[in-house]
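Peer 1: Show me the folded form of this:
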Amino acid sequence: MASTAVTNPAGQAVAPEILALGEAMVEFNQASADRPDYLQGFGGDTSNFCIAASRQGARTGFVSAVGDDHFGRLLIDLWQRENVETSFVDVDRVAPTGVYFVSHGPDGHQFDYLRAGSAASRYAPHALPLDAIAAAKVVHLSGISLAISVTACDAAFAAMSHARAHGVQVSFDTNLRLKLWPLARARAVMLEAIRQTDICLPSWDDVTELTGLTGRDEIVDFLLRCGPKVVALKLGKEGSYIATPDERRVVPGFAVNAIDATGAGDCFGGAFIARVVAGDDPFTAARYANVTAALSTQGYGAVAPIPTRATVEAALRG
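Peer 2: Numbering: from 1, shown residues only. Alright, predicted model coming up:
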């Protein structure tokens, strides 16, 4: 497979600062609620995260597998355009690339997935790029990375263990999808993952389901006791609640006329981690990420509307 390795001015390959592990899919997003037309795009939470981080200037790489099919080639082309390192993406000659559909109605957007037996779900620990993981600054995973199959879950935990053994931070987005697994199993597996996490990026609906708690402070207290050093609780248009063992506060959202929130939480995570890697404290990173996520809701699809760093900085100045 062709690689999109980032090079320095001397032409030497530079290791990605941020590696994301999970499943990417091709998206078909309904053009409007009253029409059956679908626009082809791209999705998959950790891929969205990776592209968002790349558009903010971070060096990123994606760890996964795609099918040896048209959709897999579309994803590889996407990552190459987005300056995401693809040498850690395997091509499965047997299994297909996953796809999903987004429909819009009076109750919001609905997701329907065709991902059972996908190439990414067959990913296993032996395929992990251990040297790249050890050289990264952050390795990112999500609840979906754990849920798509037993082997993918094993790979995710092996990646977390290897990262932590080499002093690499682990970030984790809950992204609870109960179509993939029952709540009891999701709770057990995800809470164990959170114990191996340095930066936790939960959304409100996910974390209330996982913990049974409903107060912001009791939720972040619970998560911090599990082990993360930073919790960035996503609150939608309200912004985010950022907590460390020493400080916590709401970082207000950024007002826009939103038309499609698909992937906004992934966009927040990618922007947040990109800014942490760049040296921002969590509260400054959250302000930047809130704006990035808000701007991403002004277009349809998970990837196309993700803003660039220049666009975000212009909005921050405004």
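
Peer 1: CA only for contacts and neighbour counts going forward, please
Peer 2: Noted.

Peer 1: Which strand or helix spans the residue nearest to A264 when sequence neighbours are not counted?
Peer 2: By the measure of Cα to Cα, 6 or more residues apart in numbering, the closest residue to A264 outside its immediate chain neighbours is A293, 5.0 Å from it. A293 is part of helix 282-296 when elements are defined by DSSP states H and E.

Peer 1: Summarise which helices and strands that helix is packed against.
Peer 2: strand 239-243, strand 248-252, helix 264-278, helix 309-317 (3 or more Cα pairs under 8 Å, 6 or more residues apart in numbering; DSSP states H and E).

Peer 1: For the second one, what does the pLDDT average out to?
Peer 2: When you say that, I think you mean strand 248-252. Confidence over strand 248-252 (mean pLDDT, whole number) is 97.

Peer 1: And the contacts of it?
Peer 2: Strand 248-252 is contacted by residues 238-243, 283, 286-287, 290 when judged by Cα atoms under 8 Å, 6 or more residues apart in numbering.

Peer 1: Give me the buried subset of those.
Peer 2: Neighbour-count burial (16 or more other Cα atoms under 10 Å) is assigned, among these, to 239-243, 283, 286-287, 290.

Peer 1: Now for those residues: which two are most distant?
Peer 2: A243 and N290 (15.2 Å; Cα to Cα).

Peer 1: E313: how many residues sit nearby?
Peer 2: The local packing of E313 (other Cα atoms under 10 Å) involves 15 other residues.

Peer 1: again but with A278, I slipped
Peer 2: Neighbour tally, A278, other Cα under 10 Å: 14.

Peer 1: Where in the chain is the helix or strand with the lowest mean pLDDT?
Peer 2: Of all helical and strand segments in the chain, the minimum by mean pLDDT, DSSP states H and E falls on strand 6-7, at a mean of 52.

Peer 1: Would you map the helices across the stretch 101-250 of the chain?
Peer 2: 130-135, 143-147, 150-165, 183-195, 204-211, 216-226 (DSSP state H, counting those that start in this stretch).

Peer 1: For the fifth one, what is the distance to the chain centroid?
Peer 2: The one in question is helix 204-211. 17 Å (Cα atoms, centre = their mean, to the nearest Å).

Peer 1: all strands of the stretch 1-150 of the chain, in order?
Peer 2: In the stretch 1-150 of the chain, the strands defined using DSSP state E, counting those that start in this stretch lie at 6-7, 13-14, 18-21, 25-30, 38-43, 60-67, 84-85, 89-92, 99-105, 108-114, 138-142.

Peer 1: Save these as a markdown table, and put in distance to M160 too.
Peer 2: A markdown table is the format used below for these (distance: least, Cα to Cα, whole Å):
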| stretch | distance to M160 |
| --- | --- |
| strand 6-7 | 24 |
| strand 13-14 | 22 |
| strand 18-21 | 10 |
| strand 25-30 | 23 |
| strand 38-43 | 23 |
| strand 60-67 | 13 |
| strand 84-85 | 19 |
| strand 89-92 | 18 |
| strand 99-105 | 27 |
| strand 108-114 | 27 |
| strand 138-142 | 7 |
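
Peer 1: mean pLDDT for those strands: which is lowest?
Peer 2: strand 6-7 - the lowest mean pLDDT of the strands of the stretch 1-150 of the chain, at a mean of 52.

Peer 1: residues contacting P125?
Peer 2: Contact analysis of P125 by Cα under 8 Å, 6+ apart lists 151-152, 154-156, 158-159.

Peer 1: how about a cut-off of 7 Å?
Peer 2: 154-155, 158 (Cα atoms under 7 Å, 6 or more residues apart in numbering).

Peer 1: and what of K234?
Peer 2: Contacts here follow Cα under 7 Å, 6+ apart; on that basis K234 touches 202-204, 240-241.

Peer 1: any chance of those residues in TSV, with pLDDT and distance to I18 too?
Peer 2: TSV is the format used below for the contacts of K234 (pLDDT from 0 to 100; distance: Cα to Cα, whole Å):
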residue	pLDDT	distance to I18
P202	97	19
S203	96	21
W204	96	25
S240	98	22
Y241	98	23
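
Peer 1: TSV for those, including distance to V303?
Peer 2: Listed next are those as TSV, based on distance: Cα to Cα, whole Å:
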residue	distance to V303
P202	20
S203	19
W204	22
S240	21
Y241	25
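
Peer 1: Quick check, pLDDT for the closest residue to F49 other than its chain neighbours.
Peer 2: In space, and not counting its chain neighbours, F49 is closest to G270: 4.3 Å by Cα to Cα, 6+ apart. Note on G270: pLDDT of 98.

Peer 1: Perfect, I'm done here.
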